[in-house]
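Asks: Any chance you could fold what I've pasted below:
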Amino acid sequence: MLRFHFTQEDLTRVRVATEPHALWEIAVSLHRLQTREGRWAYAPWFRTACDSLRRAGLERTVRSFLLPLFPRASYFPDFLTPPEGILGLDAGLEAVLATPQARVVSEVDALARGVGAPAWAHRLTERDMREQLVDALRAYHRAVIAPHEERIKERLHAERARHAHTLFHAGTEGMLSGLGPTIRWRPPVLEVDPYPDRRDVHLDGRGLLLIPSHFCWHTPVSLADPGLPPVLLYPLHHPPATTSHTDSPPLNVLLGPTRAAILRASATGSTTTEAARRAGVTPTTASHHTAVLRDAGLITSHRHANTVLHTLTPLGAALLRTAGQPLTPAPDTLGGSGNSPPRE
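Replies: Okay, the predicted model is just below:
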């Protein structure tokens, strides 16, 4: 379990990232390439990412250079996700280049002790080796993240709007209570459970930066070193909630019970077959209703081979929130977390 201990001053210093953190998104998107769990939610991205890496000639670079430094495991170096990344890719990469040698040595040693590090990793203390790393990260971002940046930003801005609404009506503690199914606010402690190890971070007036992440899946992630500026990366992508037709009368009256059920099922991703099962109708009938919801601007649909994945638009998410429907459903089975815990 990860626990952030708040003081009254910390409650006034909770911030939400204004833009996606470029280096964190690189890190957790690399995790998406290392596991099949949760891949259905990223199916269109995964297919195009593999093709883009192949066309750019980056497959070997990713496999032999990046993945060993960003294992989906209990640890990867904190200096790879510097706070400057919130200012954009260039600022984050400059911070990686500027990391003091002693810190690089310490964190590479921690990687070696934890999950193993390639022999060449200790050469990251050398400027030219870090320049190669920065070039590889930039090329990877350009190939598989930059094409999706507008969508990622759109989702983050919708999340900030949700937090602003909650903050206005319920204050900071209300906002902390609604971060997701694995995050609990037990004043004055914010708990993340499950988490791969037991760790207590005393904020001591430093506050906490919340970073909504498109590629983070199910389990939030934090930095391993509690002395660094405190951050909590948490997922925007949640599996759809399991709900009945009777739990949202206003939404059922507006859309009808079948379309309301399909809209709820699309809360971060559902295939036509899954939506049909949740609504209790045939896939053919579900396909008709998804077309109506799509034409109304409430969902968007992406085809991957013979499967169509339906997800909410910001308008659809806003409608569910207005109807009092949770967008943070039951936990998935995937474990992991951040620079320390099975990094998400």
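Asks: Against which helices or strands is the lowest-mean-pLDDT helix or strand in the chain packed?
Replies: Of all helical and strand segments in the chain, the minimum by mean pLDDT, DSSP states H and E falls on helix 249-255, at a mean of 78. On a contact count with 3 or more Cβ pairs under 8 Å, 6 or more residues apart in numbering; DSSP states H and E, helix 249-255 meets helix 257-265. Every residue, glycine included, has its C-beta placed from N, CA and C.
Asks: The helix or strand just after the helix it packs on pairs with which strands, and in what direction?
Replies: Note on helix 257-265: by DSSP states H and E, the next helix or strand toward the C-terminus is strand 270-271. Sheet pairing of strand 270-271 (DSSP bridges) gives strand 307-312 (antiparallel).
Asks: list the helices and strands the lengthiest strand in the chain packs on?
Replies: Looking across the chain with DSSP state E, the single longest strand is strand 208-217. In terms of contacts (3+ Cβ pairs under 8 Å, 6+ apart), strand 208-217 is packed against strand 14-16, helix 22-32, helix 149-176, strand 231-237.
Asks: Only alpha carbons, please: show that strand as PDB.
Replies: Only the C-alpha atoms of strand 208-217 are listed here, as PDB (Å, rounded to 0.1, in the frame of the first residue of the first chain):
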ATOM      1  CA  LEU A 208       0.800  16.700  -4.400                       C
ATOM      2  CA  LEU A 209       0.800  16.900  -8.200                       C
ATOM      3  CA  LEU A 210      -1.900  14.700  -9.700                       C
ATOM      4  CA  ILE A 211      -1.100  13.600 -13.300                       C
ATOM      5  CA  PRO A 212      -4.000  12.000 -15.200                       C
ATOM      6  CA  SER A 213      -2.600   9.600 -17.700                       C
ATOM      7  CA  HIS A 214      -3.900   8.100 -20.900                       C
ATOM      8  CA  PHE A 215      -1.600   5.100 -21.000                       C
ATOM      9  CA  CYS A 216      -1.500   4.300 -17.300                       C
ATOM     10  CA  TRP A 217      -3.700   1.200 -16.800                       C
END
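Asks: Three-state assignment for residue 194, please.
Replies: Recorded secondary structure, residue 194: coil (DSSP: H, G, I helix; E, B strand; the rest coil).
Asks: what does the one 3 residues further on give?
Replies: Secondary structure assignment for residue 197 (three-state DSSP): coil.
Asks: try residue 116
Replies: At residue 116 the chain is in coil, as set by three-state DSSP.
Asks: I'd like to check what contacts the host helix or strand of residue 3. Which residues are they?
Replies: For residue 3, the enclosing helix or strand under DSSP H and E is strand 2-5. Identification of contacts with strand 2-5 by Cβ atoms under 8 Å, 6 or more residues apart in numbering yields 188-193, 195, 197-203, 208, 220, 222, 230, 232, 337, 341.
Asks: just the buried members of these?
Replies: 190, 192, 195, 199, 201, 203, 208, 220, 222, 230, 232, 337, 341 (16 or more other Cβ atoms under 10 Å).
Asks: So among these, where is pLDDT lowest?
Replies: Ranked by pLDDT, these bottom out at residue 337 (36).
Asks: which residues of the stretch 1-150 of the chain score low on pLDDT?
Replies: Within the stretch 1-150 of the chain, no stretch has pLDDT under 70.
Asks: any chance you could map the helices in it?
Replies: 8-11, 22-32, 43-55, 59-61, 89-97, 101-114, 127-144, 149-176 (DSSP state H, counting those that start in this stretch).
Asks: Please identify the most buried of the ones you listed.
Replies: Of all the helices of the stretch 1-150 of the chain, helix 22-32 carries the top mean neighbour count, a mean of 25, counting by mean count of other Cβ atoms under 10 Å.
Asks: Report all helices and strands that that one contacts.
Replies: Going by 3+ Cβ pairs under 8 Å, 6+ apart, helix 22-32 lies up against helix 43-55, helix 89-97, helix 127-144, strand 208-217.
Asks: from the middle of its chain, how far away would the strand holding residue 3 be?
Replies: 19 Å (Cα atoms, centre = their mean, to the nearest Å).
Asks: Just checking: what are the partner strands of that strand?
Replies: Here, using DSSP bridges, strand 2-5 pairs with strand 189-192 (antiparallel), strand 199-202 (parallel).
Asks: for those strands, which one sits closest to residue 279?
Replies: Nearest to residue 279 among the strands paired with strand 2-5 is strand 189-192; the distance by Cβ to Cβ comes to 32.9 Å.
Asks: Can you show me the CA trace of that closest one as PDB?
Replies: Taking Å, rounded to 0.1, in the frame of the first residue of the first chain, the C-alpha atoms of strand 189-192 are listed here in PDB:
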ATOM      1  CA  VAL A 189      -4.100  10.000   4.300                       C
ATOM      2  CA  LEU A 190      -4.500   9.200   0.600                       C
ATOM      3  CA  GLU A 191      -4.100   5.500   0.100                       C
ATOM      4  CA  VAL A 192      -3.300   3.600  -3.000                       C
END
